[in-house]
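Q: Sequence first, then the predicted structure, then my questions.
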Amino acid sequence: MARKMKPRVLVFLALCVALNLVGGNLALLLRLPVYLDTLGTILAAACLGPWAGMLVGLTGSLVTGLTTDLFSLYYLPVQLIVGLTAGLVYRYRPQAQAKNVWWRALAISLPGTLISTLITVLLFNGITSSGSSLLVQLLAGLGLGKTAAVFIVQVGTDYLDRVIGVAFVAAVYRVVTTRLAVHH
């Protein structure tokens, strides 16, 4: 028999989806070289595990793709990978402390970077709605190949994006887990 989800957990997951939407649209509107659309995904994964992170990433990507940024649908696999890896990283090291931000961001970032590079090169020839496309054009204009330019920009922007997400989780983790009454 399936466990019944507590209403406060359901509300928390909805807030995480909203966090992804607000962050992603803010980054898009301001043409930032980061995405900010995985803040809720990482937070849900850290507090409730990989399935919660993947659910938030899936839902956020679908809603964003159907409302404000069609490109988000194509990057849905990246959201799933981020939710999965973040959930695994926080499962084995649940203390969300600021001193662990750099390695957690690296572990969460790398698998998604490989997937997003493939998507960007194969489907969009390096140009998307993100502000990071300007950096890709700059590097490609300097003589770097399109694939190498996309990969270098993805490594940098994805890592910076995940540092922001993991630092955000470090700041709110204790309050959220206490309120949700969930601990690893």
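A: Structure's in. What do you need? Just so it is clear, the structure is predicted and the values come from calculations on it, not from any experiment.
Q: Going by contacts, tell me the helices and strands next to the helix or strand harbouring residue 153.
A: Taking DSSP states H and E as the criterion, the element that holds residue 153 is helix 146-180. Packing contacts for helix 146-180, counted by 3 or more CB pairs under 8 Å, 6 or more residues apart in numbering; DSSP states H and E, involve helix 7-29, helix 39-48, helix 101-124, helix 132-141. (C-beta placed from N, C-alpha, C; glycine too.)
Q: So which bits of the lowest-mean-pLDDT helix or strand in the chain are buried?
A: None of the helices or strands of the chain scores lower by mean pLDDT, DSSP states H and E than helix 132-141, at a mean of 85. By neighbour count, and taking 16 or more other CB atoms under 10 Å as the criterion, the buried residues in helix 132-141 are 132-133, 135-136, 139-140.
Q: Looking at these, which is nearest residue 178?
A: Distance to residue 178, by CB to CB, is smallest for residue 132 among those, at 36.0 Å.
Q: Am I right that that closest one is in contact with residue 155?
A: No: using CB atoms under 8 Å as the test, residue 132 is too far from residue 155 to be in contact (10.8 Å).
Q: could you list every residue that touches residue 36?
A: Applying CB atoms under 8 Å, 6 or more residues apart in numbering, one finds that residue 36 lies in contact with 23-24, 26-27, 161, 164-165.
Q: For the residues you listed, name the two members farthest from one another.
A: The widest separation within these, taken as CB to CB, falls between 26 and 165 and amounts to 13.7 Å.
Q: Looking at these two, which is more packed in?
A: Comparing residue 26 with residue 165 by neighbour count (other CB atoms under 10 Å), the higher total belongs to residue 165, at 31 against 12.
Q: Just give the nearest non-adjacent residue to the more buried one, would you?
A: In this structure, residue 165 finds its nearest non-sequential neighbour in residue 42, 4.2 Å apart by CB to CB, 6 or more residues apart in numbering.
Q: With residue 45 instead?
A: Sequence neighbours aside, residue 53 is the residue nearest to residue 45 in space, at 2.6 Å (criterion: CB to CB, 6+ apart).
Q: so which strand or helix has that neighbour?
A: helix 50-67.
Q: Quick one: distance of the very next helix or strand once past that helix to the chain centre.
A: Toward the C-terminus, helix 50-67 is succeeded by helix 71-74 as the next helix or strand (DSSP H and E). Between the mean C-alpha point of helix 71-74 and the mean C-alpha point of its chain there is a distance of 13 Å (CA atoms, centre = their mean, to the nearest Å).
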